Every structure is written in structure tokens, then in C-alpha cells.
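>>> Next comes the sequence, and after it the predicted model I'd like to discuss.
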Amino acid sequence: MTQILQIVVIGAGVVGCAIAHELARRGSRVQVVERREIGQGATKASAGVLAPYLDAHRSGPLVDLGARSLSLYDEFVARVVEDSGSTIQYVRNGTLEIATNEEYAGRLNDMAHSFAELGITVEFYDSEALRSIEPQLTNDAKGGLLVASHGFVGVTELTNALRRAAVAHGVKFVTSTTATKIINHRDGIEVRVGTEAVVCDRAILAAGSWSGQIEVEGVDALPVRPIRGQLLQLDWPTTPLKRTIWSEDCYLVPWNDGSVLVGATSEDVGFDERATVTGLQKLVEVAKSIVPGAGEAWLKEVRVGLRPTTPDGLPVIGLSKSLPGLIYASGHYRNGVLLAPLTASIVADLSVGDTSTDLTKLTNPSRFGEC
């Protein structure tokens, strides 16, 4: 008879909700514990851009991780829609990364050749051709790289749909309750939740920036720290942008309702989640420098979230070597939405003892000591 695993997921951002749904649809009994409400950490300040092939990721393991996760996204969204009965804004019409100086344009041109050799559909546009496909761009744009497979997803819609899909598979969500400690137990693993002790077979630490504040018996705190991100939602006064625009300093994501998300700042200010005049001014000015018409837009909403980063910039996904039954899934920084399907799949495999994936060599928590 197959054992039904009892699993506690700590954290209900997009990553935690994706994990909970995947575990439950594979047959585990899952409880999710969240210190606030669902999706109120880094998730709420994400524009949902799905873009592994960017200049910022032109080398290193994030390209491989992001590409693998992006390849799962069509099926991932389809399952969530089917299980939840929800609609999710999900667009794969490409991203256009632009350069406003010749050096950056040269890098993008080199990337176009490199990615094309790998079979990735990309196209480099010079300054004149660039404005023929996106007329609202600044005249200062020197070139741009269109990656056809990129896109974006409505993060709030996705997270809420994941919650509904998880509940449909029997997941219990406990919000406004803090997990404080994870310890070994003779019957598995114990999670201290408020004044209660919950004993389970597996605990998944997916608490984002707060992961390092949860005590794990016998090991140092996970080295995850928060980076504040501020994001604007603007009502667009002119013809909508055709696709997501990305530059060295910001991104602009056009939504189906005609609004545009502009993000995001990166501020190392601890756990301060307040929006600042300086941060918002910076986003407005950068947006105007890329698309001058942004100066005529109306401010619709300001969002702030704390994105969890690690010393090496890679997420922490893998088994604890010190505490059997504990699995880490944190430190995704800007890539939580993109990596959610892959993270959920890896964690679900690890929960049943399948350690065959080679991806955890890159993300293993043991690289930070006795985690």
C-alpha cells in the first residue's frame, strides 16, 4: 500500500502555492502555513515576466534553470486552470530587450548569434528596424533583441488560481500564522506553528525573505536576505505597447486591460516594505527614457515586495543534509514566478525520495554549510 505523505509547506507565495498544488495532485496531504495572507511577499511586486534569455542572464546556471522551467509553463498553466476553474492572463508573444548605447547593442547582437546557434528563436533589430516593430520606443534606442518564446503571466491571478487548485486537491491553508521552528521528531519532523507543534513527514521551507528567520534545529540560518522591489502600474494614454520591453534599468509589461507594469527597483533596505518617492521617481524617469509617452500615463497602483536573494544569486532548492525530511525552496530573488513550475516539480520528486535530477547540484543548500 502506498504511503500518503503528510507535508507542511511554509510560505504561500507563488512558489509555495505551486509546490502545494503539485504535492497534493500527486497524492500527498498538504498544509500550507503563511505568516500573512497568500501572495503578499515578493509575489505581489512581480510583473510575472517569463524571460530566461536576457542580457542579465547571458551566462551561468540561471539560463538553464529558467529555460527548463519556461518549457514547463504551458502545461503548468493549463493544469492550474483546469484544477481551479480560473482564468489566468498568460501571454507568450516575446520580449524586446533594448539597448540605449552601442556597447549594450553589441552585446545583444552577440547574444542573438549565440542563442540562434542553440536553436532559440531570436532576432536582432537595429535602431531603425526597432521602431518599426515598437513605434513608441525612444529615438535613443540603438538596437534590440526579440526573444519569441518569452512572455509574462498575471502573478496575482496565477497565485490565487494555484490556491484554488490546491484546495480542490485537499490542501489546507493556514494564514496569519507564523512558523517559528523546525526540529527533528521521532515520527518525522516537527514544525512549530504559533503555539502548536505539527508533526509531519516532510517540511518545505518556502518562506521567501523570511526563510532565514525560521529556526532549523542544529543548523545556521539560511543566508537569504530581502531586496525591496517597487513596481508601478500605469494606465497607458496611447496605443498599448505590443510586448514586454526590457532594458538594463527597468521593464515595461503591457496588460490586456491597457495598463502597463513598470518595475522594478532593487534596494537592500532590510525588511522595510514602504514605497518611497525616490524609488517611484526613478521608475518613472527610466520608463520615460525608454518610452517617452510614459510621461503622460496615469498612476494606477504602487506595489512593494521583498525579493529573497542569496550570496551567489541562485535559489536554494534541495534536501537538508542535517535534518531529514526538510526540503528548502527559497532564495529565488527575481525569478520566483519563472522558476515556480520547475521548483514545484523538483520538490515533489524529492519528497518521495527521487534524487535523480541533476539540477539540485546547482541549487543544493549544502553549498552554504550544514543546512
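Okay, I see it.
>>> How far off centre is stretch 327-344?
Chain-centre distance of stretch 327-344: 6 Å, with C-alpha atoms, centre = their mean, to the nearest Å.
>>> Just the mean pLDDT for that stretch, thanks.
Averaged over stretch 327-344, pLDDT sits at 97.
>>> thought T343 was touching A20?
No - here T343 does not reach A20: they are 11.7 Å apart, not a contact under C-beta atoms under 8 Å. From N, CA and C alone the C-beta is placed, and that goes for glycine too.
>>> who's more crowded, these two?
Taking other C-beta atoms under 10 Å, T343 and A20 do not tie; A20 has more neighbours (32 against 29).
>>> Sketch out the strands for the stretch 51-200 of the chain, chain order is fine.
With DSSP state E, counting those that start in this stretch as the criterion, the stretch 51-200 of the chain has strands at 90-91, 95-99, 122-126, 143-147, 151-153, 172-174, 179-185, 188-193, 196-200.
>>> Any chance of these in a markdown table with mean pLDDT, distance to E285 and mean neighbour count as columns?
Formatted as a markdown table, those follow (pLDDT from 0 to 100; distance: least, C-beta to C-beta, whole Å; neighbours: other C-beta atoms under 10 Å):
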| stretch | mean pLDDT | distance to E285 | mean neighbour count |
| --- | --- | --- | --- |
| strand 90-91 | 96 | 27 | 19 |
| strand 95-99 | 95 | 16 | 25 |
| strand 122-126 | 95 | 25 | 18 |
| strand 143-147 | 96 | 20 | 25 |
| strand 151-153 | 96 | 23 | 24 |
| strand 172-174 | 97 | 40 | 17 |
| strand 179-185 | 95 | 40 | 17 |
| strand 188-193 | 95 | 44 | 20 |
| strand 196-200 | 94 | 48 | 15 |
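>>> number of nearby residues for V269?
V269: 14 neighbours (other C-beta under 10 Å).
>>> I meant D312, not that one.
14.
>>> Please name the residues that touch it.
Residues near D312 by C-beta atoms under 8 Å, 6 or more residues apart in numbering: R367.
>>> tell me which element it is part of?
If you go by DSSP states H and E, D312 is not part of any helix or strand.
>>> distance of it from T195?
For D312, the distance to T195 (C-beta to C-beta, to the nearest Å) stands at 37 Å.
>>> same deal with G270?
Distance, G270 to T195, using C-beta to C-beta: 28 Å.
>>> same deal with G119?
Where T195 is concerned, G119 sits at a distance of 55 Å (C-beta to C-beta).
>>> now do E301
36 Å.
>>> can you pull out the helices in the chain?
Along the chain, counting by DSSP state H, helices occupy 14-25, 61-71, 73-84, 102-117, 127-133, 155-168, 277-290, 336-351, 360-363.
>>> tell me what the fourth one is packed against?
The one in question is helix 102-117. Judged by 3 or more C-beta pairs under 8 Å, 6 or more residues apart in numbering; DSSP states H and E, helix 102-117 is in contact with strand 95-99, strand 122-126, strand 143-147.
>>> just to revisit the earlier point, comparing G270 and T195, which shows the higher neighbour count?
Each of G270 and T195 has its neighbours counted (other C-beta under 10 Å); G270 has more, 12 against 7.
>>> correct me, but that one touches P226?
Yes - in terms of C-beta under 8 Å, G270 counts as a neighbour of P226; the distance is 6.6 Å.
>>> burial of G16, as a residue count?
Residues near G16, counting by other C-beta under 10 Å, number 36.
>>> Any idea how many residues pack against the residue lying closest to it once chain neighbours are set aside?
Nearest non-adjacent residue to G16, counting by C-beta to C-beta, 6 or more residues apart in numbering: A206, 4.0 Å away. A count of neighbours around A206, defined by other C-beta under 10 Å, yields 32.
>>> Can you report phi and psi for A206?
Main-chain dihedrals, A206, degrees, to the nearest 10: phi -130, psi 40.
>>> Near E103, how many other residues are there?
As a measure of burial, E103 has 8 neighbours, counting by other C-beta under 10 Å.
>>> For it, give its distance to V291.
E103 is 22 Å from V291, where distance means C-beta to C-beta.
>>> ditto for N256
18 Å.
>>> now I183
Counting by C-beta to C-beta, the gap from I183 to V291 is 52 Å.
>>> likewise G212?
Remark: distance between G212 and V291 (C-beta to C-beta) = 38 Å.
>>> got a list of contacts for the lowest-mean-pLDDT helix or strand in the chain?
Here the helix or strand of the chain ranked lowest by mean pLDDT, DSSP states H and E is helix 360-363, holding a mean of 88. Identification of contacts with helix 360-363 by C-beta under 8 Å, 6+ apart yields P61, D64, L65, L314, P315, V316, I317, G318, L319, I346, L350.
>>> same thing but at 6 Å, please
The contact list for helix 360-363 (C-beta atoms under 6 Å, 6 or more residues apart in numbering) reads P61, L314, P315, I317, G318.
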